[in-house]
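> Coordinates only, no sequence provided:
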């Protein structure tokens, strides 16, 4: 089955700096790569996703890049703000299979 | 609000007991997924149902079982509970199964086993 590894497990940045979280996956059949944000006491919420036919996608301050050859994808957050502090999960999903999540990255943005 | 409803929000019980967690998916979603999140851990996939039928199974213990009813709500049954079963249990739903469908998560049921 799919195995997703996520790094780093914790990340602390100053407000205004950029944050990068990286994930690798094992199943070459994976074609959907979402990123979820989990705030304290809440369920994960989708913030951005990318499909295997796209190399990069951007939505305001967040962007995701995908390298299918190397089987890795990354989340980039620019101009970080304190409200970006949360746990971020990457995930990968093969066609007709269940979604597998990385272990999560706890991002802290210091004011 | 994701549209996914989970009950109860909190549950405290003793070892050896049995509990049932309930999930109502978003209106129109046919797939329901159950995930376990232990303290400072990631989301461990347990099981998926699609339109009443089991579709995929993850690392679900034999003491755990689930089902999806004709009205599409789902229940996760945890029996012979152990201290290590203490965790947040999330339900998620999506329109279809597989593919690139977004998962919508509920707010979770926090289970504490004493």
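Now that the structure is in, tell me what you want to look at. Every value quoted in this text rests on a predicted model; they were computed, and no experiment measured them.
> Contact residues of chain A facing chain B?
A:6, A:31-32, A:34, A:36, A:41-46, A:49, A:51, A:89, A:93-104 (Cβ under 8 Å from any Cβ of the partner chain). For the C-beta atoms, the positions are set from N, CA and C on the backbone; glycine is no exception.
> now those residues: which count as buried?
Neighbour counting by 16 or more other Cβ atoms under 10 Å in any protein chain shown classes A:6, A:31-32, A:34, A:36, A:43-44, A:49, A:89, A:93-94, A:97-104 among the residues of chain A next to chain B as buried.
> Now tell me what touches the helix or strand containing residue A:57 from outside.
Secondary structure from DSSP states H and E places residue A:57 in strand A:56-59. For strand A:56-59, the external contacting residues (Cβ atoms under 8 Å, 6 or more residues apart in numbering or on different chains) are A:47-50, A:63-66.
> What average pLDDT does that strand get?
Averaging pLDDT along strand A:56-59 gives 94.
> Show the subsequent helix or strand relative to that strand.
Sequence order places strand A:62-67 as the next helix or strand after strand A:56-59, per DSSP H and E.
> For that next one, report the contacting residues that lie outside it.
A:33, A:35, A:47-50, A:52, A:54-57, A:72-78.
> Kindly report the same for stretch B:36-43.
Residues outside stretch B:36-43 that contact it (Cβ under 8 Å, 6+ apart): A:6, A:44, A:89, A:101-104, B:35, B:44, B:46, B:84, B:86-90, B:108.
> could you say what helices and strands the helix or strand bottoming out on mean pLDDT in chain A packs with?
None of the helices or strands of chain A scores lower by mean pLDDT, DSSP states H and E than strand A:100-101, at a mean of 90. Judged by 3 or more Cβ pairs under 8 Å, 6 or more residues apart in numbering or on different chains; DSSP states H and E, strand A:100-101 is in contact with strand A:86-94.
> Neighbouring strands - and their directions - for the strand it packs on?
strand A:30-38 (antiparallel), strand A:100-101 (antiparallel), strand A:105-110 (antiparallel) (DSSP bridges).
> ok, of the ones you listed, where does mean pLDDT dip lowest?
Lowest mean pLDDT within those: strand A:100-101, a mean of 90.
> Touching that strand from outside, list them.
Strand A:100-101 is contacted from outside by A:1-4, A:25, A:36, A:89-93, B:35, B:42-43, B:45, using Cβ under 8 Å, 6+ apart.
> Run the chain-centre distance for that strand.
What separates the centre of strand A:100-101 from the centre of its chain is 11 Å, taken as Cα atoms, centre = their mean, to the nearest Å.
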